[in-house]
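[1] coords please:
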Amino acid sequence: MNNNTKITLFNTTDLLDIYKDNSYLLIFVGNENAFRKGHIPNSIHIDPSEIICGSLPIPGKLPSEKKLLTLVNKLGVSSEKKIVIYDDEGGGWAGRMIWTLEILNYENLFFLNGGLNAWYSDKKPIEGGDSVTIHFPPINSINIDHSKLITTEKLIKLINDNNVKIWDARSNEEYKGEKYTADRNGHIPGAINLDWNLLKDFNNHLKLKPLDEISYMLENAGFKKENIIITHCQSHHRSGLTYIVGKLLEYNMFAYDGSWSEWGNRNDTPIE
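    Numbering: from 1, shown residues only. I've put the predicted structure just below:
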């Protein structure tokens, strides 16, 4: 298993000229009201509901091919397009979007550090109103890279592999089973708990903490560069951030989109 797709980290200064460049597509992933109130000029809006299946009790799984085809047509760009993705919560939804596009074989992906919060704080140009409308020939098919998908059945087999590490991005209370979020609670055997909030600097507009600091945090927790790392949370939203952070640090990253809502609601999965 190997996931070589690279993610590029942008800061607001990197984006200042690029948002006017038609060779880039800017995507805000989040609430429509927040987007209409103010966003980076020339952005399009993607609601989080467009990148998850939304069906209970496992709402976070990859959407159907039909729904993904609708998403790709809304973006209206080929996999060669440079795409900058941001949100207003520190990276969870942006990371989920990046993971989704990777599954669809997009490669030129950029994550805006701090997202809309950092853009506002740096007093960069803002526009309100509706999403940019893109006119393009219809896209009739998509190509899903199933080698990057982690199913429950695949994960059950992988947890006994010493080179596979599970990154549980939930809170410690969820990890220990003290907070009930499914029929069965606890964690995947051997999983390492590192809350997604520990990666964000709440005193610096939700930007990531310095990557060398995060790298030390991961190494200290037990993750090694030679490992295959599979991250999850409750619905692969919070683990969107842990996924892209791992990618930025050049770990071999995968994500389990079923997450705890699937693992904890089945009766055939091992739990600690």
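
[2] pLDDT wise, what is T133 at?
    Looking at T133, its pLDDT is 69.

[3] should've said S79
    69.

[4] Okay, now the unreliable bits of this structure?
    Scanning the chain for pLDDT under 70 picks out 79, 133-135.

[5] where along this protein do the strands fall?
    Assigned strands in the chain, in chain order: 7-10, 24-29, 43-46, 82-86, 109-112, 164-168, 192-193, 200-201, 207-208, 228-232, 252-255 (criterion: DSSP state E).

[6] Quick one: closest of those to Y175.
    The closest of those to Y175 is strand 192-193. By CB to CB, the value is 4.1 Å. (C-beta placed from N, C-alpha, C; glycine too.)

[7] Nearest to K74, out of the strands of the chain?
    Of all the strands of the chain, it is strand 43-46 that lies closest to K74, at 7.4 Å by CB to CB.

[8] what lines up beside the closest one in the sheet?
    Strand 43-46 has its sheet partners listed here by DSSP bridges as strand 24-29 (parallel).

[9] Of all the strands of the chain, which one comes closest to R96?
    So among the strands of the chain, strand 24-29 is nearest, using CB to CB, at 7.3 Å.

[10] A182 is nearest to which of the strands of the chain?
    Nearest of the strands of the chain to A182, taken as CB to CB: strand 228-232 at 12.3 Å.

[11] That closest one packs against which elements?
    Strand 228-232 sits against helix 152-158, strand 164-168, helix 238-248, strand 252-255, helix 259-263, with contacts defined as 3 or more CB pairs under 8 Å, 6 or more residues apart in numbering; DSSP states H and E.

[12] could you dump these to JSON lines with distance to K66 and mean neighbour count?
    Converted to JSON lines, the helices and strands packed on strand 228-232 look like this (distance: least, CB to CB, whole Å; neighbours: other CB atoms under 10 Å):
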{"stretch": "helix 152-158", "distance to K66": "23", "mean neighbour count": "14"}
{"stretch": "strand 164-168", "distance to K66": "31", "mean neighbour count": "23"}
{"stretch": "helix 238-248", "distance to K66": "22", "mean neighbour count": "28"}
{"stretch": "strand 252-255", "distance to K66": "22", "mean neighbour count": "26"}
{"stretch": "helix 259-263", "distance to K66": "21", "mean neighbour count": "25"}
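
[13] on that earlier part again, would you convert the strands of the chain into a markdown table that also reports distance to L75?
    Below are the strands of the chain laid out as a markdown table (distance: least, CB to CB, whole Å):
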| stretch | distance to L75 |
| --- | --- |
| strand 7-10 | 17 |
| strand 24-29 | 7 |
| strand 43-46 | 7 |
| strand 82-86 | 8 |
| strand 109-112 | 12 |
| strand 164-168 | 28 |
| strand 192-193 | 34 |
| strand 200-201 | 27 |
| strand 207-208 | 25 |
| strand 228-232 | 24 |
| strand 252-255 | 20 |
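
[14] what's the closest of the ones you listed to H146?
    Short answer: strand 252-255, nearest of the strands of the chain by CB to CB, at 12.0 Å.

[15] circling back: which of the strands of the chain sits closest to L155?
    strand 228-232 (6.7 Å).
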